[in-house]
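**Student:** Curious how this folds, go ahead:
(chains A and B)
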Amino acid sequence: MASLISDIEPPTSTTSDLVRRKKRSSASSAASSRSSASSVSGEIHARWRSEKQQRIYSAKLFQALQQVRLNSSASTSSSPTAQKRGKAVREAADRALAVSARGRTLWSRAILANRIKLKFRKQRRPRATVAIPAMTTVVSSSSNRSRKRRVSVLRLNKKSIPDVNRKVRVLGRLVPGCGKQSVPVILEEATDYIQALEMQVRAMNSLVQLLSSYGSAPPPI
Amino acid sequence: MSNRRSRQSSSAPRISDDQMIDLVTKLRQILPEIGQRRRSDKVSASKVLQETCNYIRNLNREVNNLSERLSQLLESVDEDSPEAAVIRSLLM
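**Tutor:** Got it, this is the predicted structure:
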């Protein structure tokens, strides 16, 4: 047992260096690249790039992944497909990410809410469509943009929506929980979501390197 | 359809052009390619949004790939509890 631990010592130094180096390099590169950015965006970027945030997330991620492993080994003796395992890992990572957002963003709340919904197998009730004719008749005088939107909705024709609006809608569908939000909300959520995803990628990358370096280390005889 | 209700609610607080420009600028700074190149150059909002969608899709794909790799690696690390303990001590 002691020999095992002593054998692990050299890898730990290198891999911990790797992890620390990765965190430091990402933080410093973030600092250098964002130094030219405005102060407001600097704050936003700092949130997902701080070392502390990364450490919190990596810890949560690892705990979540442990849970996944325990669940998978406990429930099924037969090997689940690689896709299912990968999906479970992805969901655990998303959950950990959403929790580290501390409930301040829409997408994080949507991720956590979705999980609860799936657990209880709730069906999403379709929204009432009865009120719509009344709404469209009420709005008569408005700006071009809103009139175009309403007209296009009536015709269900996406071509008459201005290009930007259409792309914002597509973006809203990509970000969890923002499918039906207003344009500024979608853009704001998207900026946060992208940075969170980047951090997720960085954390998972370093985890993969950690684990693969351990896997390749020869076992002590 | 629910789109109409959202349209109704989203047009009520009408977004100003400045606000839109501000948000798109912030978004653009995050994007890897467009944001760093020629900051003085004006990039259309439509292009920024397109790049954003592509970038999010790429990130999602990357996360999915990494999840699969991680799941495979986790299977292999399964038995060695001292390694798991060491990894945990590294991350905390």
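**Student:** doesn't residue A:58 make contact with residue A:206?
**Tutor:** Yes: between residue A:206 and residue A:58 a contact is recorded at 7.3 Å, counting by Cβ atoms under 8 Å. The C-beta positions use only the backbone N, C-alpha and C, and glycine is treated the same way.
**Student:** Which one's more surrounded, these two?
**Tutor:** residue A:58 (24 against 21; other Cβ atoms under 10 Å in any protein chain shown).
**Student:** Share the number of residues neighbouring the residue nearest to residue A:57 when sequence neighbours are not counted, please.
**Tutor:** Distances taken as Cβ to Cβ, 6 or more residues apart in numbering or on different chains place residue A:100 nearest to residue A:57, at 4.8 Å, with adjacent residues excluded. Other residues lying near residue A:100 total 21 when counted by other Cβ under 10 Å.
**Student:** What residues sit buried inside the lengthiest helix in chain B?
**Tutor:** For chain B, the longest helix by residue count, based on DSSP state H, is helix B:45-77. Buried residues in helix B:45-77, counted by 16 or more other Cβ atoms under 10 Å in any protein chain shown: B:45-46, B:48-53, B:55-56, B:59, B:62-64, B:66-74, B:77.
**Student:** near chain A, from those residues?
**Tutor:** B:45-46, B:49-50, B:52-53, B:55-56, B:59, B:62-64, B:66-74, B:77 (Cβ under 8 Å from any Cβ of the partner chain).
**Student:** Who are the contact partners of the residue nearest to residue A:57?
**Tutor:** By Cβ atoms under 8 Å, 6 or more residues apart in numbering or on different chains, residue A:100 lies in contact with A:53, A:56-57, A:60, A:196.
**Student:** Just the buried residues out of the residues you listed, in ChimeraX syntax.
**Tutor:** Applied in ChimeraX, the following selects the buried portion of the contacts of residue A:100 according to 16+ other Cβ under 10 Å:
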select /A:53,57,60,196
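**Student:** in terms of contact, does residue A:93 touch residue A:204 like I think?
**Tutor:** Yes: here residue A:93 reaches residue A:204: they are 6.5 Å apart, a contact under Cβ under 8 Å.
**Student:** okay, and the common contacts of the two?
**Tutor:** Contact criterion Cβ under 8 Å, 6+ apart; residues shared by residue A:93 and residue A:204: A:61, B:63, B:67.
**Student:** what sits against the first one?
**Tutor:** Contacts for residue A:61 (Cβ under 8 Å, 6+ apart) come out as A:92-93, A:96-97, A:203-204, A:207.
**Student:** Repeat that for the last one.
**Tutor:** Shown in contact with residue B:67 (Cβ under 8 Å, 6+ apart): A:86-87, A:89-90, A:93, A:204.
**Student:** The same query, at a cut-off of 10 Å, please.
**Tutor:** Residue B:67 makes contacts with A:65, A:68, A:83, A:85-94, A:200, A:204, A:208, as judged by Cβ atoms under 10 Å, 6 or more residues apart in numbering or on different chains.
**Student:** Name the nearest residue to residue A:115, ignoring sequence neighbours.
**Tutor:** Nearest residue to residue A:115 in three dimensions, chain neighbours excluded: residue A:95, at 6.5 Å (Cβ to Cβ, 6+ apart).
**Student:** Name the next helix or strand downstream of whichever strand or helix holds residue A:167, please.
**Tutor:** Secondary structure from DSSP states H and E places residue A:167 in helix A:163-174. Later in the chain than helix A:163-174, the nearest helix or strand by DSSP H and E is helix A:183-216.
**Student:** So for that following helix, what gets flagged as buried?
**Tutor:** Buried positions in helix A:183-216, judged by neighbour count with 16+ other Cβ under 10 Å: A:183-208, A:210-212, A:214.
**Student:** Intersect those with the contacts of chain B.
**Tutor:** Checking the buried residues of helix A:183-216 against chain B by Cβ under 10 Å from any Cβ of the partner chain, the ones in range are A:183-188, A:190-198, A:200-201, A:203-208, A:210-212, A:214.
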